[in-house]
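Novice: sequence-free structure coming up:
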């Protein structure tokens, strides 16, 4: 196990290094793109351009440039946005993180509960008409673009049915910090949570159902039945518990991706000022330093989350360790 | 032992007895096609997908001959006909606030602004059809490019093994570790900041070219296709007929393309519809974020993005392209399930779990 952890950690370090180089190459070394002009935003003055060339060491050798950028992002935290009059980028990301975490945590709770209910129901009801109906609903959930679903939800809750008793309690779009008003925080996040979770409910319900059906043929399930256990006990103690191995490892990966910037589209549609929204704002005015920082922080978060999941997985399931 | 997921999943042994003896020697492809043909839900999905392609292909015909509009030029002073009356496209004081100009809503008249106009007075129906062309071209194009390149890399890595395999697989692992969305966002923004476009050697791509999003999306999904195919190539390479080929002195190229490739092609075909569904969704998201298809071109994603400003006054501008995306992706997902059941009836549970 220790050897596995060491090997996995070394691989993670290598991946993090490669990703940082890749980001550097994409932003600074793409053929035909002048990085100074890209960083400076729209219509830069020659003075700003010269300053950027000096700051990022664009006239110096490749490794120095790379080192300077990494220093700005991880050590001195003084990467500044040029489109946005010198705002420091890294503190801005830190300030946006609670909104993203609130969104993703809530959605994760909904999707795990709903996916388990749907997946188990479909597997138990196999052979009845309800199983294909549940699976078609799951498939529709997977097929909907999340930003469009969010707009439709907004249309209904903010405009068309907002004056009725159903949705009159929905606050205007935006994010209220939990510390400011827990009630408003909750009310404002309910629909973003549901919207974000629908895709994952569909996906996880399908995976779980397939997994449950596969495990039902395992020898140890037959043994459990032969021992005379009730169907309910077989389902919850043996089948479902083993299906959870796949489920939990998938969950770790998806959760990491969402916190690392994958919730971007939901944040944009519901005007939740999280990390993804920050990326979006910088996309619309091509504010490269912000994009660079959010991409690299997001990617690092995701890679580290994956490492933790893999190590936890190996701890739970000894069969994967030699890999 | 296989578990029947759908009605179509009968093992081939049960279908052969009612066939006349002279055609019992069907190829695996014919058998798979037969299974797919009998899967009514999958065939309905295929018909729906082909219908969406056809409708998108006739976009120029519709714009030119039926609606008689130019869906790419603004038309703020234009007029159209509703119930025999000529009305301006941009109406004063519409909407909830009764302020400013609002484009007309859906007329539900196929030849006169069926779905209304957008903020620049352009025909939303015509743009929807043109948008479908871009979305489908990018979606299908990038999925096909991705599958072809990933298959070639997987064949090389899996067949030669050793160092070649290690280098290629680690390379794919790094792309895989990079979050898909962040990778697409970084590449797209950098390429779009340069208005002159991208030049690599003799190839030149302008920023408005549909090739740019196509290639970016094809690139980011390479490892997702590479991994399952490489696994398959590895297992096929171990088979006796490949050993026999080596013993007979067949060249590497011959072994790869005539012995191994035909045996992994079914994996690629199973992946293709699901990949197209994924790439269409990715394209729409990138276009929605304004880093996919660039004006004057439109795609379903850009139309939804245009429509979000009009969401509460003219919701159909944003709703209609979304419905098209859902129908397209849903049909591809259903078709993908059907193709998998048809080509690989026994392994279907494992594919879904993996």
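Specialist: Nice, I can see it. Being a predicted model, the structure only gives us computed values, none of them experimental.
Novice: make it CA atoms for all contacts and neighbour counts henceforth
Specialist: Will do.
Novice: Pull out the buried residues from the helix ranked longest in chain A.
Specialist: With secondary structure taken from DSSP state H, chain A has its longest helix at helix A:89-124. Across helix A:89-124, burial judged by 16 or more other C-alpha atoms under 10 Å in any protein chain shown covers A:89-90, A:93, A:96-104, A:106-108, A:110-112, A:114-116, A:118-124.
Novice: Tell me the first helix or strand C-terminal of it.
Specialist: Next helix or strand after helix A:89-124 toward the C-terminus (DSSP states H and E): helix A:130-143.
Novice: Point out the other helices and strands that the helix or strand following that following helix packs with.
Specialist: Reading on from helix A:130-143 to the C-terminus, the next helix or strand found by DSSP H and E is helix A:146-154. With contacts taken as 3 or more C-alpha pairs under 8 Å, 6 or more residues apart in numbering or on different chains; DSSP states H and E, helix A:146-154 sits against helix A:182-215, helix A:264-269, helix B:316-343.
Novice: between those helices, which gets nearest to residue B:73?
Specialist: helix B:316-343 (16.7 Å; C-alpha to C-alpha).
Novice: Any regions of the stretch 101-250 of chain B where pLDDT drops low?
Specialist: Applying pLDDT under 70 to the stretch 101-250 of chain B flags the ranges B:193-205, B:207.
Novice: Which parts of it are helices?
Specialist: Ranges of helices within the stretch 101-250 of chain B are B:124-160, B:162-177, B:180-193, B:211-220, B:222-237, B:240-247, based on DSSP state H, counting those that start in this stretch.
Novice: what's the longest one packed up against?
Specialist: Which is helix B:124-160. Applying 3+ C-alpha pairs under 8 Å, 6+ apart, one finds that helix B:124-160 makes contact with helix B:40-57, helix B:59-61, helix B:162-177, helix B:211-220, helix B:222-237, helix B:261-288, helix B:300-307, helix B:316-343.
Novice: Buried residues of the first one, list them for me.
Specialist: The neighbour-count criterion (16+ other C-alpha under 10 Å) identifies B:41, B:42, B:43, B:45, B:46, B:48, B:49, B:52, B:53, B:56, B:57 as the buried residues of helix B:40-57.
Novice: what does the stretch 51-200 of chain A have sitting close to chain B?
Specialist: Listed as neighbours of chain B in the stretch 51-200 of chain A under the rule C-alpha under 8 Å from any C-alpha of the partner chain: A:139, A:140, A:143, A:144, A:145, A:147, A:148, A:151, A:152, A:155, A:159, A:160.
Novice: Please check these and keep the buried ones.
Specialist: A:139, A:140, A:143, A:144, A:145, A:147, A:148, A:151, A:152, A:155, A:159.
Novice: contacting residues for residue A:48?
Specialist: Applying C-alpha atoms under 8 Å, 6 or more residues apart in numbering or on different chains, we find residue A:48 in contact with residue A:40.
Novice: for it, phi and psi?
Specialist: phi -60, psi -40 (degrees, to the nearest 10).
Novice: same thing with residue A:76?
Specialist: phi -90, psi -20.
Novice: And it, how close does it get to residue A:143?
Specialist: Distance of residue A:76 to residue A:143, given as C-alpha to C-alpha, to the nearest Å: 43 Å.
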